[in-house]
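> build the 3D model from these lines:
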Amino acid sequence: MAAGDDIEYNRGNVPAGLVEQVSPLIRRLVSPNPSPFTYTGTCGYIVGKGAVAYIDPGPENPAHVETILAALKGETLAHILVTHTHRDHSPAARALQTATGAPIFGCARHVAIENAPSGRLDAGHDFEHVPDHEMKDGEILQGAGFTLAAVHTPGHASNHLCFALEDENALFSGDHVMAWSTTIVAPPDGVMSDYMASLEKLRARSEAVYWPGHGAPVADPQRFLRGLVNHRRLREATIFSAIQSGHRTIPAIVEKLYIGLDEKLKKAASLSVLAHLEDLCARGRVDAAGPATLEASYSAVQ
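Here you go, the predicted structure:
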């Protein structure tokens, strides 16, 4: 959900169903699942030649799986990797494994958060995803002519991984950093403090290009990361200011900050505000007179 005028988003054409050679070692294939949350669809990536890896097969869609298999004709799928278990990224991994026998690597399985308040997006997770090998932060996967390293980047999802392609100084950034839109951080699984820490973690790295889960590549990651951090700090400041001026509920804050927002996106905007409020409450800047929830009334701590 794009929400920051201070970030220069790249909304370049990223068509679904077309296999594109986007670098010497990377081919991109976009799933046909466009939406306000997925842009033109989920970007899947074929890494290597001959014996290859496939990153983020996408949603459950038999026709798309057939498209992947056609794109891999004459090659061997050696590894399936998944950045995180949102339903637009991981379900097709199982069908691809059934068709090829390739093992599934990457993010940990996601366990449902018990007693999650109604209306939150935890149900957006693929609870059937069980990797053959869960990759830890810094773990290396050595392929045929390429090397991928796992980078744990929680925030958008607690089990979110990026994958660094050392051979091209590139990073598959999943949904943590995208050039087309601000990443949604939605409680209960999305945690703003984790997201900000993960942004800082990437700022300490040196990759020259990011290949995201949706949309075009991020060509100047360090500048873009600075913009994302500044955007979130500005959003936090405007939420705090709104509370100070008497807008003490999340619906009131959303109406003030997201003027003209499509009704379909208001639930996501509310959860994004909640993520900021959870962080502000944890830091003692805001009080909810109890747990931070969608229904709470908030006050600024002077």
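> mind splitting the protein into its structural domains?
Following automatic domain parsing, the chain resolves into domains at 20-228, 231-300.
> what residues of the longest helix belonging to the chain count as buried?
Secondary structure of the chain per DSSP state H: the longest helix is helix 221-244. Buried residues in helix 221-244, defined by neighbour count with 16 or more other Cβ atoms under 10 Å: 221, 224-225, 227-228, 231-232, 235-236, 239-240, 242-243. Quick note: C-beta positions are derived from backbone N, CA and C, even for glycine.
> what are the ranges of the helices in this protein?
Secondary structure of the chain (DSSP H): helices at 62-71, 92-100, 192-203, 221-244, 250-257, 266-282.
> before we move on, the earlier item: could you dump the domains of the chain into JSON lines with distance to residue 11 added?
What follows is those, written out as JSON lines (distance: least, Cβ to Cβ, whole Å):
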{"stretch": "domain 20-228", "distance to residue 11": "5"}
{"stretch": "domain 231-300", "distance to residue 11": "16"}
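> most tightly packed of those domains?
Ranked by mean neighbour count, the domains of the chain are led by domain 20-228 with a mean of 20 (mean count of other Cβ atoms under 10 Å).
> off-centre distance for that one?
Chain-centre distance of domain 20-228: 8 Å, with Cα atoms, centre = their mean, to the nearest Å.
> quote the end-to-end distance of it.
End-to-end distance for domain 20-228: 28 Å, by Cα to Cα, to the nearest Å.
> re the thing from before, can I get the domains of the chain in CSV with distance to residue 10 and mean pLDDT?
Output for the domains of the chain, formatted as CSV (distance: least, Cβ to Cβ, whole Å; pLDDT from 0 to 100):
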stretch, distance to residue 10, mean pLDDT
domain 20-228, 4, 94
domain 231-300, 15, 95
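> so what's residue 147 up against?
Contacts for residue 147 (Cβ atoms under 8 Å, 6 or more residues apart in numbering) come out as 140, 141, 165, 166, 167.
> tell me where the stretch 51-200 of the chain has strands.
51-55, 76-82, 104-106, 133-134, 140-142, 147-152, 161-165, 170-174 (DSSP state E, counting those that start in this stretch).
> I'd like to know how far residue 84 sits from residue 126.
9 Å (Cβ to Cβ, to the nearest Å).
> any residues in contact with both of those two?
Common contacts of residue 84 and residue 126 (Cβ under 8 Å, 6+ apart): 90, 110.
> quick one: contacts for the most centrally placed residue in the chain?
Centroid-nearest residue in the chain: residue 175, 1.8 Å away (criterion: Cα atoms, centre = their mean). Going by Cβ under 8 Å, 6+ apart, residue 175 touches 83, 84, 86, 89, 156, 157, 160, 183, 184, 212, 213, 214.
> repeat for residue 243
253, 286, 298, 299, 300.
> TSV for the helices of the chain, including distance to residue 293?
Below are these laid out as TSV (distance: least, Cβ to Cβ, whole Å):
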stretch	distance to residue 293
helix 62-71	37
helix 92-100	34
helix 192-203	15
helix 221-244	15
helix 250-257	9
helix 266-282	7
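> what's the closest non-adjacent residue to residue 211?
Excluding the flanking residues, the one nearest residue 211 by Cβ to Cβ, 6 or more residues apart in numbering is residue 172, at 5.0 Å.
> from residue 89, how far off is the one you found?
11 Å.
> what sits in contact with each of these two?
Shared contacts of residue 172 and residue 89 (Cβ under 8 Å, 6+ apart): 56, 83.
> about what we covered before: looking at the helices of the chain, which is nearest to residue 56?
Comparison of the helices of the chain against residue 56 by Cβ to Cβ identifies helix 92-100 as nearest, at 8.3 Å.
> could you name the helices and strands sitting against the closest one?
helix 62-71, strand 76-82, strand 104-106 (3 or more Cβ pairs under 8 Å, 6 or more residues apart in numbering; DSSP states H and E).
> got CSV for those, with distance to residue 281 too?
What follows is these, written out as CSV (distance: least, Cβ to Cβ, whole Å):
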stretch, distance to residue 281
helix 62-71, 41
strand 76-82, 32
strand 104-106, 32
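> compare the ones you listed and give me the one nearest residue 249.
Nearest of the helices and strands packed on helix 92-100 to residue 249, taken as Cβ to Cβ: strand 76-82 at 36.9 Å.
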